[in-house]
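Visitor: Got a predicted structure plus its sequence, pasted below:
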Amino acid sequence: MNYLKGKSARRILQRFPGLKTGAVRGKLWSRSYFVATVGKVTADIVKKYVEEQWEKEG
């Protein structure tokens, strides 16, 4: 997962350099990640998780 996050961050920041100024501690992604099958997770659960992660990083 860290490999994918690293590669995607590099590509995103190359394409959108303005995001670097908003990145927390120079990092685009948080250290954590969430994995689940689509059949067991609703969009509301994913949304809640993402919102909670933003609160923890802020």
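Guide: The structure has been received and is ready for your questions.

Visitor: Tell me where the model's unsure across this structure.
Guide: Applying pLDDT under 70 to the chain flags residues 22-26, 38, 57-58.

Visitor: Would you map the helices across it?
Guide: Using DSSP state H, the helices found in the chain span residues 2-15, 43-57.

Visitor: Now those helices in a markdown table, please, with extra columns for distance to residue 37 and mean neighbour count.
Guide: C-beta coordinates here come from the backbone N, C-alpha and C atoms, glycine included. Listed next are the helices of the chain as a markdown table, based on distance: least, C-beta to C-beta, whole Å; neighbours: other C-beta atoms under 10 Å:
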| stretch | distance to residue 37 | mean neighbour count |
| --- | --- | --- |
| helix 2-15 | 18 | 11 |
| helix 43-57 | 12 | 11 |
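
Visitor: In CSV: those, plus distance to residue 32.
Guide: CSV is the format used below for those (distance: least, C-beta to C-beta, whole Å):
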stretch, distance to residue 32
helix 2-15, 10
helix 43-57, 7
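
Visitor: between these, which gets nearest to residue 33?
Guide: helix 2-15 (7.1 Å; C-beta to C-beta).

Visitor: Give me the distance between the closest one and the centre of its chain.
Guide: The chain centre lies 11 Å from the centre of helix 2-15; the measure is C-alpha atoms, centre = their mean, to the nearest Å.
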